[in-house]
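[1] heads up, no residue letters with this:
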């Protein structure tokens, strides 16, 4: 009985051990799926529209990709006869591509929200749809986190899913202006991305560092809104520049900047220019004047050339709108036709204000064109290097001196338009500054014309133009010396650099001309006039040429005798016979013929 009981106990224990062994085998055979979320979405975004800000194209791509993934996995909702929604659970996942389903769904909803962001500027009702799509993207991101939290994904995939979900949740809270919640989730996302960036190799690390840089301005803006509420425009401008192409943050910052400028514009009632003070009643004009005063600091804080050009373009468009507002008001006052001292004073103030706005527009246009000239100079300098020229071969249009010549022509026209503003000549300092600018721009223009002649190996013309450039640059330095303002130091420094460069190029051109003359003389000495004849004309002389000229073609012209001219000298001495007897004579008519001709006319 004891043996039977032992056998029974061993038989009972054996299935339990076998079950444990099977579980261990299953755990050892379990595959951990991996999905690089941030590299995957960044690659898709750059290839399908977001490089140019086309969110609609990216949304349509996500929809097509979602259907392709479902069909390849056999995880479609519909059959031939009916629709049956299939839920994505952990038990269903047998491939890492299943993790793409919630990710692509979240990206599609987010892209639709960003598309609605552009439409919400003109249609306020679109904002409600935008928030719904962002919430939908958050739901799909949370579903991705829930799937990854199980023991089917590796640690990196779990962290990336948490960071992506936190970033998406932060976008919703940011749009709803729930600043504390947005700050918390954005901080969580930034922390995870920083940890991932520190643990990954350098070739992948860049993407995560860029994501951290994108999240940081959102965190700063949330902290700014959680502060004491005072509006510091300088801090807002820094945030706006660092926001870059982030539509949610950029839209919020633009709204706050506009509100802050409007609040400051209410306190600004008048402007002073050229010793005269006039009131500014139009609110939009006051906002533009405040923006123009802040534009210099905003442009200095921009990171690259493209951002600075965008700031200049937007400022000039706002300037054009302000000018149109003043012109419309002047036109309205002219149509009323009221002649009064008060109306005439108002018209005079508006004309002065229009001159001031025109002065700002032309001044900013000159600054913008000077910025373009600097970028062209840098590109031209880099292309002068042989290695750089070879590296840039076939990569777009190369910069030429002709581009700078056209640009300085435009700058000279800008200064000419500036001098035509009413009352501008009454300001002596401003007139001197414009005269100095004209000399400086002419010197630069003359230098680059000389460069075109130098590249064409026209040494005499290039040397003459370098002399004229040196003369105009020296006159410009003397003109700037009269001015005591510190703002002209950069212009004087630029002219000194131009003088050094022009003198160096003049010497180089002169040396090149001498070398070319020497090389030409050596070639002439080596040239034998006999050898230049065709082989047919020097058959008696031996020639060692491998490819001699046998005969000149087409053949040379040869002189021939002229065709003789014949003169008929006997014609004047010939007497022809008289033919009068053959000429028909008219018969004289009588009185009846005279009467007939008188009354009925002559018959022919």
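    Received, thanks. Fair warning: this is a prediction, and the values are worked out from it, not measured in the lab.

[2] Can you tell me which helices and strands the helix or strand encompassing residue 196 packs against?
    Assessed by DSSP states H and E, residue 196 sits inside helix 179-199. Identification of packing neighbours for helix 179-199 by 3 or more Cβ pairs under 8 Å, 6 or more residues apart in numbering; DSSP states H and E yields helix 155-175, helix 202-225. Using the backbone N, CA and C atoms, a C-beta is placed for each residue, glycine as well.

[3] Can you give me the neighbour number for residue 215?
    24 (other Cβ atoms under 10 Å).

[4] Same check on the one 3 residues further on?
    When neighbours are counted by other Cβ under 10 Å, residue 218 registers 25.

[5] Make sure it is actually in contact with residue 166.
    No - in this structure, residue 218 is not within contact of residue 166 by Cβ atoms under 8 Å, at 11.6 Å.

[6] overlap in contacts of the two?
    residue 186 (Cβ atoms under 8 Å, 6 or more residues apart in numbering).

[7] Quick one: the helices in the stretch 1-150 of the chain, in order.
    For the stretch 1-150 of the chain, the helices defined by DSSP state H, counting those that start in this stretch occupy 2-29, 37-47, 55-73, 100-119, 126-149.

[8] Looking at those helices, which is nearest to residue 433?
    helix 100-119 (42.6 Å; Cβ to Cβ).

[9] JSON lines for the helices and strands packed on helix 179-199, including distance to residue 57?
    Formatted as JSON lines, the helices and strands packed on helix 179-199 follow (distance: least, Cβ to Cβ, whole Å):
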{"stretch": "helix 155-175", "distance to residue 57": "20"}
{"stretch": "helix 202-225", "distance to residue 57": "21"}
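
[10] most tightly surrounded among the ones you listed?
    Among the helices and strands packed on helix 179-199, judged by mean count of other Cβ atoms under 10 Å, the one packed with the most neighbours on average is helix 155-175 (a mean of 22).

[11] which strands and helices sit next to that helix?
    Counting by 3+ Cβ pairs under 8 Å, 6+ apart, helix 155-175 packs on helix 37-47, helix 100-119, helix 126-149, helix 179-199, helix 202-225, helix 247-267.

[12] can you do 6 Å?
    helix 126-149, helix 179-199 (3 or more Cβ pairs under 6 Å, 6 or more residues apart in numbering; DSSP states H and E).

[13] Give me the buried positions along the last one.
    Going by neighbour count (16 or more other Cβ atoms under 10 Å), the buried part of helix 179-199 is 179, 182-190, 192-194, 196-197.

[14] re earlier: could you tell me the least trusted of the helices of the stretch 1-150 of the chain?
    Per-stretch mean pLDDT for the helices of the stretch 1-150 of the chain is lowest at helix 2-29 (a mean of 40).

[15] Kindly give the local confidence score, pLDDT, for residue 93.
    84.

[16] What residue, apart from its backbone neighbours, is nearest it spatially?
    residue 152 (6.0 Å; Cβ to Cβ, 6 or more residues apart in numbering).

[17] distance of that neighbour from residue 166?
    From residue 152 across to residue 166, the span is 21 Å (Cβ to Cβ, to the nearest Å).

[18] Residue 99: how many residues sit nearby?
    The number of residues near residue 99, taken as other Cβ under 10 Å, comes to 23.

[19] Wait, it touches residue 37, no?
    No - checked against Cβ atoms under 6 Å, the pair residue 99 and residue 37 is beyond contact range at 8.5 Å.

[20] pLDDT on stretch 313-327, on average?
    On average, stretch 313-327 scores 87.

[21] just how off-centre is it within its chain?
    21 Å (Cα atoms, centre = their mean, to the nearest Å).

[22] ok, how many other residues are close to the residue nearest to residue 93?
    19.

[23] For it, give me phi and psi.
    phi -120, psi -10 (degrees, to the nearest 10).

[24] Any idea which helix or strand in this structure has the lowest mean pLDDT?
    The helix or strand of the chain with the poorest confidence is helix 2-29; it has a mean of 40 (mean pLDDT, DSSP states H and E).

[25] elements contacting the helix or strand containing residue 439?
    According to DSSP H and E, residue 439 maps onto helix 428-455. Here helix 428-455 touches helix 401-419, helix 459-482, helix 489-526, going by 3+ Cβ pairs under 6 Å, 6+ apart.

[26] Which strands and helices lie in contact with the shortest one?
    With contacts defined as 3+ Cβ pairs under 6 Å, 6+ apart, helix 401-419 has these neighbours: helix 341-384, helix 428-455.

[27] average pLDDT for the last one?
    Summarised as a single mean, pLDDT over helix 428-455 is 90.

[28] try stretch 408-418
    Stretch 408-418 comes out at a mean pLDDT of 91.

[29] now what about that stretch, what contacts it?
    362, 365-366, 369, 434, 437-438, 441, 444-445 (Cβ atoms under 6 Å, 6 or more residues apart in numbering).

[30] which one among the residues you listed gets closest to residue 309?
    Among the contacts of stretch 408-418, and counting by Cβ to Cβ, the member closest to residue 309 is residue 369, at 10.8 Å.

[31] On the pLDDT front, check the closest one for me.
    pLDDT at residue 369 comes out at 91.

[32] and if you look at the one 5 residues further on?
    Confidence at residue 374, expressed as pLDDT, is 89.

[33] ok, it - how many residues close by?
    Counted with other Cβ under 10 Å, residue 374 comes out at 12.

[34] how near is the spatially most central residue of the chain to residue 497?
    Centrality entry for the chain: nearest residue to the mean C-alpha point is residue 306, 6.0 Å, by Cα atoms, centre = their mean. Relative to residue 497, residue 306 is positioned 26 Å away (Cβ to Cβ).

[35] One more: residue 226?
    Noted for residue 226: a distance of 49 Å to residue 497, by Cβ to Cβ.
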